[in-house]
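J.: got a structure for you, letters missing:
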């Protein structure tokens, strides 16, 4: 039986190609997202992968599983797409120092920023490998090193399988993997550990976090952050370190007041996230930013607040909240 669970002959699986692609589309999206750092690019890359697979299906010899064959095509589609393209960073990964909360905010819409991905859109065996910090770390690697690390460390392919997919040698694969590990270690970048379930203290933390923003209680927000917490918010270049500094940023730069900023819970990259809305002059609420949180015990360690409000629709969040809306406790 092959990895579709239906037949011992991988070639037979291609007889129902629509079902096959539906089976693998979400995990291929996770793979292309790790490579590209962009949800909308990953969707296009998956479509290109499936198109190439359909065109080449009569040449599939069955020497590997269909899954392996699809990942090989997807990896090479991604490598072609990444040629000559800049990496997708987060503000804290640009190499600039953290800044005081009173500094002017500087936007840059020319940088292709890293994007979050909704958990509902992808299938992953290990949630660590979709963590926002890990995907951001991958963007520091050259494209082929990135591909080697994902195939070897995430998909657990052998050096020989990886070499065949990339049309190189096992020795070259092992060398590229060593360089990738060394570069990530040198930058202090790694994949974080992600627990499958939030514990009671963390659920209460997230309830308190939502409530503190609704009341715009800056002191309460600060108390929920680790002392050395960090905060960034693409497309702004600025990033901030320290709970008090983040509190000053929210208190002094965030336009909303008390009961102006309801949140709706979601999940991004295997992490708790909130769509934050802002009250309008008509007293309803419109999308403002999507916050993705990293937790450390019962405190928030890092927040990336994405100001691309188009993300709300991608995450299935309401396009607006009605007059009189009061945020409900989050369900994670």
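T.: Arrived safely, thanks for sending. From a predicted model like this one, the values you see are computed outputs, not experimental measurements. Residues are numbered from 1 along each chain as shown.
J.: Select the helix or strand of the protein having the lowest average pLDDT value.
T.: helix 17-36 (a mean of 89; mean pLDDT, DSSP states H and E).
J.: mind checking the backbone torsions on the residue nearest the centre of the chain?
T.: With distances taken as Cα atoms, centre = their mean, residue 116 lies nearest the centre of the chain, 3.7 Å away. The phi and psi values for residue 116, taken as degrees, to the nearest 10, are phi -80, psi 160.
J.: what does the model give it for pLDDT?
T.: pLDDT recorded at residue 116 is 97.
J.: and the least confident helix or strand of the chain, how far from the chain's centre?
T.: Chain-centre distance of helix 17-36: 16 Å, with Cα atoms, centre = their mean, to the nearest Å.
J.: picking that back up, wait, what's in contact with the residue nearest to the centre of the chain?
T.: Neighbouring residues of residue 116 by Cβ atoms under 8 Å, 6 or more residues apart in numbering: 39, 132, 268, 269, 273, 290, 292, 304, 306, 311. In short, each C-beta sits where N, CA and C put it, glycine included.
J.: Is it correct that residue 329 falls within a strand?
T.: No. With DSSP: H, G, I helix; E, B strand; the rest coil as the criterion, residue 329 is assigned coil and is not in a strand.
J.: these two touch, right, it and residue 209?
T.: No. In this structure, residue 329 is not within contact of residue 209 by Cβ atoms under 8 Å, at 11.0 Å.
J.: Quickly note the distance from residue 134 to residue 292.
T.: Shown here: residue 134 relative to residue 292, a distance of 13 Å by Cβ to Cβ, to the nearest Å.
J.: Same question for residue 330.
T.: 14 Å.
J.: and residue 50, what helix or strand is that in?
T.: Taking DSSP states H and E as the definition, residue 50 sits inside helix 39-56.
J.: Check the offset of that helix from the chain's centre.
T.: 19 Å.
J.: Show me what that helix is in contact with.
T.: 17, 21, 25, 28-29, 32-33, 35-36, 69-70, 73-74, 77-78, 81, 115-118, 121, 314.
J.: List buried residues within those.
T.: The neighbour count (16 or more other Cβ atoms under 10 Å) marks 21, 25, 28-29, 32-33, 35-36, 69-70, 73-74, 77-78, 81, 115-118, 121, 314 as buried among the contacts of helix 39-56.
J.: need the contact list for the closest residue in space to residue 205 that isn't next to it in sequence.
T.: Of all residues beyond its chain neighbours, the one nearest residue 205 is residue 298 (5.3 Å), with distances taken as Cβ to Cβ, 6 or more residues apart in numbering. For residue 298, the contact set (Cβ under 8 Å, 6+ apart) comprises 201, 202, 204, 205.
J.: Filter those residues down to just the buried residues.
T.: Among those, the ones that count as buried by 16+ other Cβ under 10 Å are 202, 205.
J.: Now secondary structure and pLDDT too, for the contacts of residue 298, in a markdown table please.
T.: Shown next, in a markdown table, are these (DSSP: H, G, I helix; E, B strand; the rest coil; pLDDT from 0 to 100):
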| residue | secondary structure | pLDDT |
| --- | --- | --- |
| 201 | helix | 96 |
| 202 | helix | 96 |
| 204 | helix | 97 |
| 205 | helix | 98 |
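J.: May I ask which two of the contacts of residue 298 are separated the most?
T.: Comparing every pair within the contacts of residue 298 by Cβ to Cβ identifies 202 and 204 as the most remote, at 7.3 Å.
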